[in-house]
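# Fold the following, please.
(one chain, ligands or ions: 2)
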Amino acid sequence: MLVGGHVSTAGGLDKAYARGVELGCDAIQVFNQSPRAWRPTRYSDADFARMRELLERGPVRSVAIHAVYLINCASDDPEMREKSLTSLVHALRIGDGIGADGVVLHPGSRKQEDLEPALDRIGEALRHALQESERCPLLLENTAGAGGTIGRTFAELGAVIERAGGDDRLGVCLDCCHVLASGYDVRTAAGLGDAVDELEREVGLERLRCLHVNDSRAPLGSNRDRHARLPDGELGREGLAAFLSEPRFDGLPALLEGGDGAGADAEQVALARELREEGLAARSPA
Ligand SMILES: [Zn+2]
Ligand SMILES: [Zn+2]
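Numbers count the residues shown, from 1 in each chain. Ligands and ions are numbered 1, 2, ... in the order given. Prediction:
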C-alpha cells in the first residue's frame, strides 16, 4: 500500500511533490486547479517532465489528481455539462502529462431529476472525456449519498462505468468516510470484507485503483460528507485499521485528505501507517 495524502500545489507541481516528501508520503493527490472555480491552471511541458522525473526517482511514486468539485456531468443543463466536460478533459490531459495514476471525479448529481437519463448523460460525458485524452485513468469516487449524488452504492458506480462503455481506463476511488456515510457498515474487518465482496460483484476489483482515507464525523447511513481526523470519527481505530489492512487493497495509493479536505499532515500520515500495522496484526493468526 502506498500511504500518502492530499497536498497543495501552491508554487507549482514540484512544490506539491516536495510537500509530499516532507510529510513522509509514498503517494500524493493534488488539485489540477482551484477546486471551486472553473479557471484552469496552465502547466508547461517542462513542468510535466520535471514531475515525471521526480516520481521516477521517488520516494513519492504515485500522484492522483482530484478534479474540480463544480463538475457535474449528470446535469441536465447543457452549459453546465459543457463546462464540466472541458474541465474534466483538462484534468485528464494534465494526468497524461505527469503520468498520474488517475483523475478522481465525483460522478455527479441528478438533483431532482430521474436516475436513468442522468446515468446516460454521465456515460456520454465520460466517453467523450476519454476520447479527448490519452491514457490517464478516470476514477469515479463513491459518494456519501447526499441529495441526488450518483455513486452512493457500488451498483451505481458499476452502472456509470457500463454507460461510459466499460473502457479499461475507467476505475473507482473508494473513500472510507463516504462508504460509511452511504450506509455500508465498515467499522469492522468483517463488515468491510462484505462491502468489498459487493464492490467485486458490482464493479470488479481490477477497477479499484485508489483509496481515500478519512474518518467520518457523520454516522453510518447519514448520507453526510463530513471528514474527521483519524481516528476521531465514527470509523475509529478499528474501522480505519481494517480499511488500511484489507488484503484486496494491497498496492493501492491510500490518500488522506484531512478533516474536511484541509490536506494531509505528517502526524496523520504516520498514524495511518501505524493503523495499517495494527490492522495487519489483528488479521494475522496468533
Ligand atoms: Zn474523497
Ligand atoms: Zn468527502
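# now residue 35, nearest residue through space, not along the chain?
Ranked by Cβ to Cβ, 6 or more residues apart in numbering and with sequence neighbours excluded, the top spatial neighbour of residue 35 is residue 69, at 4.6 Å. (Each C-beta comes from the backbone N, C-alpha and C, glycine too.)
# so what's the one you found up against?
Under the criterion of Cβ atoms under 8 Å, 6 or more residues apart in numbering, the contact list for residue 69 reads 35-36, 106.
# now do 10 Å
The neighbours of residue 69, taking Cβ atoms under 10 Å, 6 or more residues apart in numbering as the test, are 31, 34-37, 106, 261.
# May I see the PyMOL selection of the buried members of these?
The following PyMOL line selects those of these that are buried, judged by 16 or more other Cβ atoms under 10 Å:
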select buried, resi 31+106
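# Can you tell me which of the contacts of residue 69 comes closest to residue 205?
Looking at the contacts of residue 69 and their distance to residue 205, the nearest is residue 106, at 21.3 Å (Cβ to Cβ).
# list the contacts for the residue lying closest to the closest one once chain neighbours are set aside?
In space, not counting the residues next to it along the chain, residue 106 is nearest to residue 141; the distance is 5.6 Å by Cβ to Cβ, 6+ apart. With contacts defined as Cβ under 10 Å, 6+ apart, residue 141 is in contact with 66-67, 104-107, 151, 157, 172-175, 178, 210, 212.
# Please name the bridge partners of residue 141.
Assessed by DSSP bridges, residue 141 has beta-bridge partners residue 173.
# From ligand 1, how far out is it?
Taking Cβ to the ion, to the nearest Å as the measure, residue 141 falls 6 Å from ligand 1.
# hey, where'd the helices end up in the protein?
Chain-ordered helices for the chain, with DSSP state H as the definition, fall at 13-23, 45-57, 78-98, 115-131, 154-163, 176-181, 189-202, 236-245, 266-283.
# Pick the most buried one from these.
helix 176-181 (a mean of 28; mean count of other Cβ atoms under 10 Å).
# so how far is it from its chain's centroid?
When C-alpha coordinates are averaged (Cα atoms, centre = their mean, to the nearest Å), helix 176-181 and its chain have centres 12 Å apart.
# what do you get for stretch 31-39?
On the basis of Cα atoms, centre = their mean, stretch 31-39 is displaced by 16 Å from the centre of the chain it belongs to.
# Convert the C-alpha atoms of it to CSV, please.
Once side chains and other backbone atoms are set aside, the C-alpha atoms of stretch 31-39 remain, and they are given as CSV (Å, rounded to 0.1, in the frame of the first residue of the first chain):
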residue,chain,number,x,y,z
PHE,A,31,-6.0,19.5,-7.4
ASN,A,32,-5.2,20.4,-11.1
GLN,A,33,-6.6,23.9,-10.3
SER,A,34,-8.7,25.6,-7.6
PRO,A,35,-11.4,23.0,-6.9
ARG,A,36,-14.1,25.7,-6.5
ALA,A,37,-13.5,27.7,-9.7
TRP,A,38,-13.6,26.9,-13.4
ARG,A,39,-10.4,28.8,-14.3
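# For it, report the contacting residues that lie outside it.
Contacts made with stretch 31-39 from outside it, assessed by Cβ under 10 Å, 6+ apart, are listed as 6-9, 13, 16, 40-43, 65-71, 83-84, 86-88, 90-95, 98, 100, 103, 261.
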